[in-house]
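Enquirer: give the three-dimensional model of this entry:
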Amino acid sequence: MSVTRTIIFLIVVVLLGWGVYYMSGKGGGNGEPIESEMATSTAMIDTIDVQVLESFPVQVNVVAKGNFPDGCTTLGNVIAKETDNAFEVSVETQRPVDALCTQALVPFEETISLDVLGLMAGVYGVNINGATSTFELLQDNIAPDSDDVITEGEETKTE
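Expert: Down below sits the predicted model:
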């Protein structure tokens, strides 16, 4: 019986030694976790809320709410493009291809800033993965020239 225990003990020591050697990077591994391939998809957006901030120049944010299909999915690329009087926003998700994940919806919320600087007054549409809304700029959203801005402590001259 003691011979069997000795053999098992030696096998365990050899396997542990090989594992440490491999994970140190000298045995072919680099000691870092393996990055898995990522699958991308279009995010499921349930609602969007457009927020026109009280500032000048005006800033516009859109809060998108939706659900990830599982516990491994995260937000990927967010791309916003302005065309005519509308903003088309694409929100992608990503998840590891090989991952075993919880199969339950996971809610998310993402705030997306729209580039509205330089836009003229008017009504603009927003479409994020099929969820739509509108907002209105009550005045042209053009930043004042830096020469026209008076900072604290400066005096103006009239000639």
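Enquirer: surely Lys81 is in contact with Phe87?
Expert: Yes - here Lys81 lies in contact with Phe87, judged by C-beta atoms under 8 Å, at a distance of 7.1 Å. For glycine as for every other residue, the C-beta is placed from the backbone atoms N, C-alpha and C.
Enquirer: more crowded one of the two?
Expert: Phe87 (23 against 10; other C-beta atoms under 10 Å).
Enquirer: my read is that one is in a strand, agree?
Expert: Yes - assessed with DSSP: H, G, I helix; E, B strand; the rest coil, Phe87 lies in a strand.
Enquirer: what pairs with the nearest residue to it once chain neighbours are set aside across the strands?
Expert: Nearest non-adjacent residue to Phe87, counting by C-beta to C-beta, 6 or more residues apart in numbering: Val126, 4.9 Å away. On DSSP bridges, the residues paired with Val126 through beta bridges are Phe87, Ser133.
Enquirer: and Val126, what does it touch?
Expert: By C-beta atoms under 8 Å, 6 or more residues apart in numbering, the contact list for Val126 reads Ile48, Val50, Val62, Ala86, Phe87, Val89, Leu114, Thr132, Ser133, Thr134, Phe135.
Enquirer: if I look at the fourth one, how far off is Ser133?
Expert: What it means is Ala86. 11 Å (C-beta to C-beta, to the nearest Å).
Enquirer: overlap in contacts of the two?
Expert: Joint contacts of Ala86 and Ser133 (C-beta under 8 Å, 6+ apart) are Gly125, Val126.
Enquirer: do a quick rundown of the helices in this structure.
Expert: Secondary structure of the chain (DSSP state H): helices at 2-23.
Enquirer: where in it is pLDDT low?
Expert: 1, 13-14, 17-35, 146-159 (pLDDT under 70).
Enquirer: right, and Leu53 touches Ser113 too?
Expert: No - the criterion here is C-beta under 8 Å, and Leu53 misses it with Ser113 at 9.7 Å.
Enquirer: what touches both of these two?
Expert: Counting by C-beta under 8 Å, 6+ apart, the common neighbours of Leu53 and Ser113 are Gln59, Val60, Asn61.
Enquirer: cheers, nothing more for now.
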